[in-house]
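Enquirer: Sequence isn't available, so here's the structure alone:
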């Protein structure tokens, strides 16, 4: 009988060494489903957090109407050198005592000299995160009005996220091909300085995000320089719009599948839980004499 147990044990060991065999999991250590987190801080300012808790910040700003929020990141992506997209002071290293090195600031557009912009082609990997750029313009006149812009494509945990920066035009077939297949799209919709809501719908149709589209760079109460998201939402089926007014955070399981992509309207900050006011003691009834 003991020989039989030894033989069974040897077979099990051999099976575990076969390519593709599932790795053993210790009792009580079953893995939870991995997710990435996307947090919006108004305008085009996002933080993306991978399943391993690695953080990226994109296009930081300090617009007063959004509360001058700050966040942490391992490195920063900047779509173009305008103040409402490149205010690096609003981002700190995850270990606050550390400082950003120049290599931690990735700029899709650089100014080689005052008034002269150039695209910087970026395609690099940082561990299991890949970031790359696609060159576009900030307007419909090949940059004559507002200069150049870069689209950022971020790949992490098997998902592809596309941040359009201050895109000022619909995309060419070559640009659509360069972006490739994406899961999440961050798209400006407020018009005036970028594409408007109708154009943003067209860009969304061009890029076909598999899971979500997150409108950005639009006006809010107290910041009406830009149009709101209404034009972008016009004609979209209600069941395809997911409004999240109490949070600025979207959690996306890396294995998520949807029948149709959803448009997600985030708040630009996470609402603090309301504190319950202590109940006032009821007044004592006077004793009967």
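Expert: Perfect, thanks for sending it. Note that the structure is a prediction, hence the values are computed from the model and not measured.

Enquirer: Quick check: which ranges of this protein have low pLDDT?
Expert: Along the chain, the parts satisfying pLDDT under 70 run over 1-31, 96-97, 272-289.

Enquirer: Kindly provide the distance from the residue nearest the centre of it to residue 201.
Expert: For the chain, the residue sitting closest to the mean C-alpha position, by Cα atoms, centre = their mean, is residue 38 at 4.3 Å. Applying Cβ to Cβ, to the nearest Å, the value for residue 38 to residue 201 is 21 Å. Heads up, the C-betas are built off the backbone N, CA and C, glycines and all.

Enquirer: Equivalent analysis for residue 180, please.
Expert: 20 Å.

Enquirer: quick one, phi psi at residue 195?
Expert: Main-chain dihedrals, residue 195, degrees, to the nearest 10: phi -60, psi 150.

Enquirer: cool, and residue 80?
Expert: phi -170, psi 160.

Enquirer: Begin at 43 from now on, thanks
Expert: Done: numbering now begins at 43, and the last item shifts to residue 122.

Enquirer: So it sits against residue 206, correct?
Expert: No: using Cβ atoms under 8 Å, residue 122 is not in contact with residue 206, being 11.1 Å away.

Enquirer: which one of residue 222 and residue 243 has more residues nearby?
Expert: residue 243 (21 against 13; other Cβ atoms under 10 Å).

Enquirer: Quick one: residues contacting the more buried one.
Expert: Applying Cβ atoms under 8 Å, 6 or more residues apart in numbering to residue 243 gives the contacts 274, 277-278.

Enquirer: where's it, which helix or strand?
Expert: helix 239-249 (DSSP states H and E).

Enquirer: next helix or strand past that helix?
Expert: strand 254-258.

Enquirer: Partner strands of that following strand, with direction?
Expert: strand 226-230 (parallel), strand 304-308 (parallel) (DSSP bridges).

Enquirer: contacting residues around the residue lying closest to residue 185 once chain neighbours are set aside?
Expert: Distance criterion Cβ to Cβ, 6 or more residues apart in numbering; nearest residue to residue 185, sequence neighbours excluded, is residue 179 at 4.6 Å. By Cβ under 8 Å, 6+ apart, residue 179 lies in contact with 185, 188-191, 210-211.

Enquirer: Residues in a beta bridge with residue 179, which ones?
Expert: residue 190.

Enquirer: where's it relative to residue 79, distance?
Expert: Counting by Cβ to Cβ - residue 179 and residue 79 are separated by 31 Å.

Enquirer: in the stretch 143-292 of the chain, which spans are helices?
Expert: Applying DSSP state H, counting those that start in this stretch to the stretch 143-292 of the chain gives helices spanning 215-221, 239-249, 272-275.

Enquirer: Please dump the ones you listed into JSON lines; it should also carry distance to residue 101 for every row.
Expert: Shown next, in JSON lines, are the helices of the stretch 143-292 of the chain (distance: least, Cβ to Cβ, whole Å):
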{"stretch": "helix 215-221", "distance to residue 101": "17"}
{"stretch": "helix 239-249", "distance to residue 101": "16"}
{"stretch": "helix 272-275", "distance to residue 101": "19"}
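
Enquirer: Quick one, which of these gets closest to residue 257.
Expert: For residue 257, the closest of those is helix 272-275, at 5.4 Å, according to Cβ to Cβ.

Enquirer: And the closest one, what's buried?
Expert: 273-275 (16 or more other Cβ atoms under 10 Å).

Enquirer: what does stretch 172-184 give?
Expert: 173-181.

Enquirer: for those residues, which one is nearest residue 109?
Expert: Looking across the buried residues of stretch 172-184 and measuring by Cβ to Cβ, the closest to residue 109 is residue 180, at 25.7 Å.

Enquirer: Touching, the closest one and residue 190? I think so.
Expert: Yes: applying Cβ under 8 Å, one finds residue 180 in contact with residue 190, separated by 6.5 Å.

Enquirer: between the two, what contacts are shared?
Expert: With Cβ under 8 Å, 6+ apart, residue 180 and residue 190 have common neighbours residue 122.

Enquirer: give me every residue that touches residue 103.
Expert: 83-87, 125-127, 129, 132.

Enquirer: OK, contacts around the residue lying closest to it once chain neighbours are set aside?
Expert: Counting by Cβ to Cβ, 6+ apart, residue 126 is the residue found nearest to residue 103 once chain neighbours are left out, at 4.4 Å. Going by Cβ under 8 Å, 6+ apart, residue 126 touches 85-86, 101, 103, 105.

Enquirer: Please consider this matter closed, and thank you.
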